[in-house]
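Trainee: predicted structure and sequence below. I'll ask about it afterward.
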Amino acid sequence: MAAVVISVALQKGGVGKSTTSQALASTLGFRKKKVLLIDMDSQANVTYSSNVDKPQKTITDVLGEDCKADEAIIHCKYYDLLAADSYLTNVEMAEGVESTLLKNAIEPIKNRYDYVIIDTPPALGNLSFNSLVASDYVVIPTEPRPFALQGLGALHNTIESVQKRLNPSLRVLGILLIKYSNRTVLNRDIKDMIEDYAKQMNTVVFDTTVREGIAVAEAQTVREPLIDYAKSSKPNIDYKAFTTELLHKIGE
Ligand SMILES: Nc1ncnc2c1ncn2[C@@H]1O[C@H](COP(=O)(O)OP(=O)(O)OP(=O)(O)O)[C@@H](O)[C@H]1O
Ligand SMILES: [Mg+2]
């Protein structure tokens, strides 16, 4: 059975894409699933927080067909990683980039994994597009902020165009609320708004929400998986519940 491929996407910056990608990949790996994490962002945040420095081969080389995906794999504690580097911006900026580069590149290695998790950049360019074309599912992390809905609209359009042209089976698994507190009326109001919007997108807001916790930034600074650094922190507890909910949703 080929892997289930999940992109974590939203073109808005700093909403928790990289944190969610890495937490999901580690939690699945901790549960003995075979996981490949792909860093499709030239900021290389999940590469950094996976404690990988100066990788020999990166996803830039893979997409440029300078090497096979197989040759760029880096083994980390809970998952394998296809690392990013700053040259990935060249792929983002180039014109006429094929939308199926990533899909084709991972095809030969997909059967080795149960899950492929893709961290995408804060833009709706070549890299996010390639990620969506290669994916079965999208998870959309968002913060409960008044402008959250604006970002969702543009992503919705992009997802629909991917579904129409290249990947009809792509499904939005859900919207994940990050740094969420159900204690404030504002947060609850915005959650209601996002739930309404989710319906228009033919999806739902995950029951699980991720609370704020300093452990997230601390773990990223010392470059340890959150699951090891602060097992009983609120965000880690929430990411565990999120992983369970996600597996349930995709029928495991
Ligand atoms: N649950 C949380 N509690 C506290 N801080 C968090 C939480 N989740 C993420 N953060 C912090 O918020 C910031 C943005 O998170 P992250 O890098 O995951 O977002 P992103 O969407 O990947 O950003 P970008 O769009 O730049 O790639 C980071 O500094 C991260 O440490
Ligand atoms: Mg990121």
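Mentor: Nice, I can see it. Numbering: from 1, shown residues only. Ligands and ions are numbered 1, 2, ... in the order given.
Trainee: burial of the closest residue to Met1 other than its chain neighbours, as a residue count?
Mentor: Excluding the flanking residues, the one nearest Met1 by CB to CB, 6 or more residues apart in numbering is Asn111, at 7.3 Å. (Glycine included, C-beta is placed from N, CA and C.) Residues lying near Asn111 (other CB atoms under 10 Å) number 9.
Trainee: contacting residues for Asn111?
Mentor: Residues counted as contacts of Asn111 (CB atoms under 8 Å, 6 or more residues apart in numbering) are Met1, Ala2, Ala3.
Trainee: ok, which stretches of the stretch 101-250 of the chain are strands?
Mentor: For the stretch 101-250 of the chain, applying DSSP state E, counting those that start in this stretch gives strands covering 115-119, 137-142, 171-177.
Trainee: ranking the ones you listed by burial, who's on top?
Mentor: Stretch with highest mean neighbour count among the strands of the stretch 101-250 of the chain: strand 115-119 (a mean of 28; mean count of other CB atoms under 10 Å).
Trainee: show me how far that strand is from its chain's centre.
Mentor: Computed by CA atoms, centre = their mean, to the nearest Å, the chain-centroid distance of strand 115-119 equals 6 Å.
Trainee: what does stretch 13-33 give?
Mentor: With CA atoms, centre = their mean, you get 7 Å for stretch 13-33.
Trainee: same question, stretch 204-212
Mentor: 15 Å.
Trainee: near ligand 1, anything from it?
Mentor: Yes. Contact of stretch 204-212 with ligand 1 (CB under 6 Å from any ligand atom) involves Val210, Glu212.
Trainee: what sits up against that stretch?
Mentor: Residues from elsewhere that reach stretch 204-212 (CB under 8 Å, 6+ apart): 16, 20, 141, 174-182, 191, 194-195, 198, 234-235, 238-239, 241-242, 245-246.
Trainee: quick check: buried residues in stretch 121-132?
Mentor: Residues Pro121, Pro122, Leu124, Gly125, Asn126, Leu127, Ser128, Phe129, Asn130, Ser131, Leu132 are the ones in stretch 121-132 that count as buried (16 or more other CB atoms under 10 Å).
Trainee: and if you look at stretch 74-85?
Mentor: Ile74, Cys76, Tyr78, Tyr79, Asp80, Leu81, Leu82, Ala83, Ala84, Asp85.
Trainee: distance between the ends of stretch 140-153?
Mentor: 12 Å (CA to CA, to the nearest Å).
Trainee: pLDDT score assigned to Glu252?
Mentor: Per-residue confidence (pLDDT) for Glu252: 77.
Trainee: Ile109 versus the nearest residue to Asn167 once chain neighbours are set aside, what's the distance?
Mentor: Using CB to CB, 6+ apart and skipping residues adjacent in sequence, the residue nearest Asn167 is Val133, 5.2 Å away. Per CB to CB, to the nearest Å, Val133 is found 17 Å from Ile109.
Trainee: same deal with Ala83?
Mentor: Taken as CB to CB, the span from Ala83 to Ile109 is 15 Å.
Trainee: swap in Pro144?
Mentor: Applying CB to CB, the value for Pro144 to Ile109 is 37 Å.
Trainee: cool, Ala134 as well?
Mentor: Look at Ala134 and Ile109: by CB to CB, they are 12 Å apart.
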